[in-house]
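Visitor: Just to be clear, the model below is a prediction. Sequence and coordinates:
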Amino acid sequence: MSKKTIVFTGGGSAGHVTPNIAIINELNKNDWDIHYIGSKKGIEKELINKIELPYYGISSGKLRRYIDFENIIDMFRVIKGCLDARRALKKIKPSLVFSKGGFVSVPVIIAASTLKIPIFIHESDMTPGLANKISQRFATKIFTSFEEAKNYFPKNKTTVIGSPIRKELLNGSRQKGIEFLNFKSYIPILTIMGGSLGAKKINETVRESLQDLTKKYQIVHLCGKGNVDENLKNIQGYKQFEYIHDELADVLAASQMIITRGGSNAIFEFLALHKPMLIIPLTKNQSRGDQILNANSFKDKGFALMMEEEDLTTKSLQESIEELQTKKDFFITNMNSSNQSEALDLLLEEINSN
């Protein structure tokens, strides 16, 4: 039997790429010929090159919700991106396009629509980003992480499934994580993640609190590219990294609690791992407010604590960590009732049946 061909798209941030990689890693390579279309210089190119897939870079423009002269320039970039994507799709001849959103996905989806190629899209957040708002009219099927998100899409083609979780994250070794960090097994480990670019205020507040935090916890600090502080490298019980790739599953397995931004993919991964979390979402000045909605949903469901960045101080941080420690069994009990690990299998079933 000949292979079917699938094209994945999505980019602009790691959150638009890692769920695609979760699916790609589980597709049977004997059944599927897999390709990726992204921007010419985005983070998606770097991440996809690591897993050695055929990659097609297209022109892309930023989608804005406000009036700006750059919108005129980017409109032409999007038009060129549609032409680039159409040429790539005519060459690849896929039977399906799967999109995780981000501005680079729009030209791909428009081009796929003109070629009558079936299109699946997945929306991670509680409210759709601008790319998926545009893309939904062209989609064959739409999948969402949050129950609340289905209200923003046509009901006849929308299914709530959760977020596809990288299976390798579910198989981490606590012992290997402790050995990698060179930590003690009897002191709780607190992991702090500010996203792929780090988080300036979180990084600063954590470092200002280290003297107190390291009395009770061992700290893993994923602080983002270029944000390692050389002056703090020898502090006992504190390890900082720009990011962690291969050992991340083991580090998370060793961690008792997580401090994180409110990106949907990350918090759903921690939910699947049953890790109590303190969510400090991006502010409305830094985003469209989607992380605040995500965080509030998790707080209301008893999965996490939430703190607005404007309220973040060394005192409030330490108080929230203590509350998280006190209530961790409550959060774990609530997380046990969720079925997050099923989302990936449901998506694979949909893709394979197409």
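Guide: Done, it's in.
Visitor: What distance do you get for the nearest residue in space to residue 53 that is not next to it in sequence to residue 174?
Guide: Counting by Cβ to Cβ, 6 or more residues apart in numbering, residue 53 lies nearest to residue 36, which is 5.1 Å off, once chain neighbours are set aside. C-betas here are computed from N, CA, C, even on glycine. Counting by Cβ to Cβ, to the nearest Å, the gap from residue 36 to residue 174 is 33 Å.
Visitor: These two: which is more packed in?
Guide: A count of neighbours by other Cβ atoms under 10 Å puts residue 36 above the other of residue 36 and residue 174, at 27 against 15.
Visitor: A strand includes that one, no?
Guide: Yes: judged by DSSP: H, G, I helix; E, B strand; the rest coil, residue 36 forms part of a strand.
Visitor: which ones are touching it?
Guide: 7-9, 20, 44, 48, 53-56 (Cβ atoms under 8 Å, 6 or more residues apart in numbering).
Visitor: Just those: which are in helices?
Guide: The helices, defined by DSSP state H, take in 20, 44, 48 from those.
Visitor: so residue 259 touches residue 202, yeah?
Guide: Yes: taking contacts as Cβ atoms under 8 Å, residue 259 lies within contact range of residue 202: 7.1 Å.
Visitor: so what sits against both of those two?
Guide: Any residue near both residue 259 and residue 202 by Cβ under 8 Å, 6+ apart counts here, and that gives 192, 280.
Visitor: if I pick residue 120, what's in contact with it?
Guide: Residue 120 makes contact with 96-99, 139-143, 350-351, 354, according to Cβ under 8 Å, 6+ apart.
Visitor: would you list those residues in CSV and tack on neighbour count and pLDDT?
Guide: Output for these, formatted as CSV (neighbours: other Cβ atoms under 10 Å; pLDDT from 0 to 100):
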residue, neighbour count, pLDDT
96, 20, 98
97, 29, 98
98, 28, 98
99, 29, 96
139, 23, 97
140, 15, 97
141, 17, 97
142, 26, 97
143, 26, 96
350, 16, 94
351, 19, 95
354, 13, 82
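Visitor: Next step: those restricted to helices.
Guide: 350-351.
Visitor: Switch the contacts of residue 120 over to a markdown table; also include distance to residue 24.
Guide: Shown next, in a markdown table, are the contacts of residue 120 (distance: Cβ to Cβ, whole Å):
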| residue | distance to residue 24 |
| --- | --- |
| 96 | 13 |
| 97 | 14 |
| 98 | 9 |
| 99 | 13 |
| 139 | 20 |
| 140 | 19 |
| 141 | 18 |
| 142 | 20 |
| 143 | 16 |
| 350 | 15 |
| 351 | 10 |
| 354 | 15 |
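Visitor: Give me the neighbour count for residue 236.
Guide: The number of residues packed near residue 236 is 8, by other Cβ under 10 Å.
Visitor: Looks like it contacts residue 217 (just checking).
Guide: No: contact criterion Cβ under 8 Å: residue 236 and residue 217 do not qualify, at 11.8 Å.
Visitor: pLDDT value on the residue nearest to residue 53, please?
Guide: The predicted structure scores residue 36 at 97 on the pLDDT scale.
Visitor: That one pairs with what?
Guide: For residue 36, the beta-bridge partners are residue 8, residue 55 (DSSP bridges).
Visitor: could you say which helix or strand contains the closest residue to residue 173 other than its chain neighbours?
Guide: Spatially, and ignoring its direct neighbours in sequence, residue 173 is nearest to residue 250 (5.1 Å; Cβ to Cβ, 6+ apart). If you go by DSSP states H and E, residue 250 is part of helix 248-254.
Visitor: from the ones in helices among the contacts of residue 36, which has minimum pLDDT?
Guide: Looking at the ones in helices among the contacts of residue 36 by pLDDT, the weakest one is residue 44, with 90.
Visitor: SS state for the closest residue to that residue other than its chain neighbours?
Guide: Spatial nearest neighbour of residue 44, chain neighbours left out: residue 11 (3.3 Å); criterion: Cβ to Cβ, 6+ apart. Three-state assignment for residue 11 (three-state DSSP): coil.
Visitor: Distance of residue 11 relative to residue 332?
Guide: Residue 11 is 34 Å from residue 332, by Cβ to Cβ.
Visitor: Show residues contacting the longest helix along the chain.
Guide: Secondary structure of the chain per DSSP H: the longest helix is helix 70-92. Residues outside helix 70-92 that contact it (Cβ under 8 Å, 6+ apart): 5, 7, 35, 37, 56, 58-64, 97, 104, 106-108, 110-112, 114-115, 117.
Visitor: Can you say which of the residues you listed are buried?
Guide: Buried members of those, scored by 16 or more other Cβ atoms under 10 Å, are 7, 35, 37, 56, 58-61, 63, 97, 104, 106-108, 110-112, 117.
Visitor: Let's see which of these end up in helices.
Guide: Using DSSP H, 106-108, 110-112 are the members of those that sit in helices.
Visitor: Can I get those in JSON lines including pLDDT and distance to residue 317?
Guide: Formatted as JSON lines, those follow (pLDDT from 0 to 100; distance: Cβ to Cβ, whole Å):
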{"residue": "106", "pLDDT": "93", "distance to residue 317": "39"}
{"residue": "107", "pLDDT": "94", "distance to residue 317": "42"}
{"residue": "108", "pLDDT": "96", "distance to residue 317": "41"}
{"residue": "110", "pLDDT": "96", "distance to residue 317": "45"}
{"residue": "111", "pLDDT": "97", "distance to residue 317": "47"}
{"residue": "112", "pLDDT": "98", "distance to residue 317": "46"}
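Visitor: can I get those residues in CSV with distance to residue 303?
Guide: Shown next, in CSV, are these (distance: Cβ to Cβ, whole Å):
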residue, distance to residue 303
106, 32
107, 36
108, 33
110, 36
111, 38
112, 35
